[in-house]
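Participant: Output the structure for:
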Amino acid sequence: MNKLVITISKKYDLSQNDILNLLKEEKINEENIPVSVFNSELSTLETIVKYLHEEYGLKFSEIGKLLNRDARAIWNTYHKSLDKFHGKLKVVDTGYVVPVSVFTLRKFGVLEILVHYLKDHYHLKFVNIASILKRNQRTVWTVYSRYKKKEQNE
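Facilitator: Coordinates of the predicted model:
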């Protein structure tokens with residue numbers, strides 16, 4: 001890997017750090033968040049921020065750019081998550097993942113986006129989504145309905 005980085009560095013007149021940063025950004029932009037990390041103790045946004053910061057070592061400004069949010073809000077969200085949940089998020093391979101890029105739409109809440117993605121992309125039933133996200137089934141139905149109403153008003 002190091003030889004490849006040096007070769008690309010010379011060929012395109014980039015520093016090795018620039019190349020490694022580009023590779024890191026590319027991986028994160030394509031990265032998915034495993035659905036198993038969501039829990040009943042943290043909000044959806046708190047979970048996403050905690051996962052991206054602790055698993056990938058992203059700065060709050062980088063997370064803010066990825067999620068189309070202010071870095072100060074991301075910092076605040078992360079510190080709230082530390083008060084509520086101690087330790088690492090549990091990652092289990094459920095086969096369900098959500099791309100980070102879907103959370104950039106500010107018109108919808110992050111839980112609305114998550115539920116919509118699981119419902120429409122994986123065709124899961126509300127009871128299954130509720131079980132995966134550790135939320136009440138009626139809450140999941142309400143959140144999905146809210147998303148659909150907002151979507152129709154576009």
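
Participant: ok, now which ones touch Arg106?
Facilitator: Arg106 makes contacts with Asn68, Arg69, as judged by Cβ atoms under 8 Å, 6 or more residues apart in numbering. C-beta here means a position set from N, CA and C on the backbone, and glycine is covered the same way.

Participant: now Arg72
Facilitator: Contacts of Arg72 by Cβ under 8 Å, 6+ apart are Phe60.

Participant: That one sits in which helix or strand?
Facilitator: Assessed by DSSP states H and E, Arg72 sits inside helix 71-84.

Participant: before we move on, what about Val98?
Facilitator: Taking DSSP H and E as the definition, one finds Val98 inside strand 97-99.

Participant: what's the following helix or strand past that strand packed up against?
Facilitator: Using DSSP H and E, the helix or strand that directly follows strand 97-99 along the chain is helix 110-122. Packing partners of helix 110-122 (3 or more Cβ pairs under 8 Å, 6 or more residues apart in numbering; DSSP states H and E): helix 44-56, strand 97-99, helix 126-133, helix 137-152.

Participant: Please work out which of these is packed deepest.
Facilitator: Of the helices and strands packed on helix 110-122, the one with the most neighbours on average (mean count of other Cβ atoms under 10 Å) is helix 44-56, at a mean of 21.

Participant: List of residues touching that helix?
Facilitator: With Cβ under 8 Å, 6+ apart as the test, helix 44-56 has contacts from 28, 31, 33, 37-39, 42, 58, 60, 63, 66-67, 74, 77-78, 80-82, 84-85, 88-89, 100, 103, 109-111, 114.
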